[in-house]
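[1] mind looking at a prediction? Sequence and model below.
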Amino acid sequence: MRNCLRYLLVAAGLLASPALLAAAEGNVWSYEDSDGVTHFSNVPDNARYRLYLKTPGSYRLKPEFNSGVAASRTSPSRALTIGQDKLPFAAMVAAAATEQQLDPALLHAIIHVESRHNPEAVSPKGAIGLMQVLPETARRMGVDSISTPAANINAGARYMRFLLDIFGKDVQLALAAYNAGENAVIRHGNQIPPYPETLAYVPAVITAYHQLRKQKP
């Protein structure tokens with residue numbers, strides 16, 4: 001059965017710190033409903049939940065945040081309470097979203113989780129910029145340089161479009177592939193790979209996405 005991540009993560013807890021991608025503090029619980037859908041949560045408020053992943057909060061998704069790279073960014077939770085047009089790089093995001101036929105709110109959500117809209121962010125693995133794109137991934141998407149915000153957003157948007165196309169427009173699988181690579185998703189039978197980072201990343205982006213869609217332009 002395809003995992004359908006329905007983390008019941010409390011937005012304030014999930015988005016209140018740079019360590020949000022550890023799916024807050026504590027364990028991750030899961031249960032499978034009568035329709036065969038697997039539900040995940042860090043709040044086991046249903047007797048059917050069973051322990052799935054112990055203490056994901058000990059896992060750091062973005063180590064660079066701990067070294068102060070994003071320390072100067074506006075509070076993430078505050079940033080998501082304003083309209084998309086008022087977020088940093090809104091015009092560039094809107095242009096890339098239009099070109100790739102994507103929802104700009106989805107791109108902003110990815111940027112928010114990846115870099116907190118910080119164009120100077122660099123990961124230990126070499127992913128750079130707003131959308132934390134690897135240079136080799138950008139080249140695969142036909143983008144030679146991703147050093148500027150516009151080029152970085154363009155490369156990330158192209159990659160997200162590519163992932164949505166190969167995974168049948170499944171946003172959760174596309175996000176999992178954006179984080180772990182499309183081959184990891186394919187190897188796990190077109191399901192979200194059971195990596196702590198990816199299991200935290202997907203609901204984090206989706207939570208940010210839903211919050212942004214609620215805001216008026």
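    Received the coordinates, thanks.

[2] can you tell me the element the residue lying closest to Tyr31 once chain neighbours are set aside falls in?
    Using CB to CB, 6 or more residues apart in numbering and skipping the chain neighbours, the partner closest in space to Tyr31 is Arg48 (3.9 Å). In this view, the C-beta of every residue, glycine as well, is placed from N, C-alpha and C. Using DSSP states H and E, Arg48 sits within no helix or strand.

[3] pretty sure Ile146 sits against Ala155.
    Yes. At 4.9 Å, Ile146 counts as touching Ala155 under the criterion of CB atoms under 8 Å.

[4] now do the shared contacts for the two.
    Among the neighbours of Ile146, those also in contact with Ala155 (CB atoms under 8 Å, 6 or more residues apart in numbering) are Val133, Ala138.

[5] rewinding a little: and the residue nearest to Tyr31, how many neighbours?
    Here the neighbour count serves as a burial measure; for Arg48 (other CB atoms under 10 Å) it reads 11.

[6] Pro88 now?
    By other CB under 10 Å, the residues close to Pro88 number 18.

[7] show me the contacts for it.
    Applying CB under 8 Å, 6+ apart to Pro88 gives the contacts His117.

[8] could you point out the helix or strand that follows the one helix or strand His112 maps to?
    Assigned by DSSP H and E, His112 belongs to helix 104-115. Toward the C-terminal end, the helix or strand that comes next after helix 104-115 (DSSP H and E) is helix 135-140.

[9] name the residues of that following helix that come out as buried.
    Burial within helix 135-140, assessed by neighbour count using 16 or more other CB atoms under 10 Å, is assigned to Pro135, Thr137, Ala138.

[10] ditto for stretch 92-110
    Of all the residues in stretch 92-110, those buried under the rule 16+ other CB under 10 Å are 92-97, 100, 102, 104-110.

[11] can you check the distance spanned by that stretch, start to finish?
    Using CA to CA, to the nearest Å, one end of stretch 92-110 lies 14 Å from the other.

[12] I figured Met131 hits Asn152, correct?
    Yes. Applying CB under 8 Å, one finds Met131 in contact with Asn152, separated by 5.6 Å.

[13] which strands or helices does the helix or strand Asn179 falls within pack on?
    Secondary structure here is read from DSSP H and E; on that basis Asn179 sits in helix 171-180. With contacts defined as 3 or more CB pairs under 8 Å, 6 or more residues apart in numbering; DSSP states H and E, helix 171-180 has these neighbours: helix 104-115, helix 149-166, helix 182-187, helix 196-214.

[14] looking at those helices, which is closest to Ser123?
    helix 104-115 (8.6 Å; CB to CB).

[15] and for the closest one, what are the contacting residues?
    Applying CB under 8 Å, 6+ apart, the contact partners of helix 104-115 are 20-21, 62, 70, 76, 79-80, 84, 87, 89-90, 93-94, 96-97, 117, 121, 127, 129-132, 153, 156-157, 160, 171, 175, 178, 201, 204-206, 208-209, 212-213.

[16] which PyMOL command selects the buried ones in those?
    Filtering those down to the buried ones (16+ other CB under 10 Å) takes a single PyMOL command:
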select buried, resi 20+21+62+70+76+79+80+84+87+89+90+93+94+96+97+117+121+127+129+130+131+132+153+156+157+160+171+175+178+201+204+205+206+208+209+212
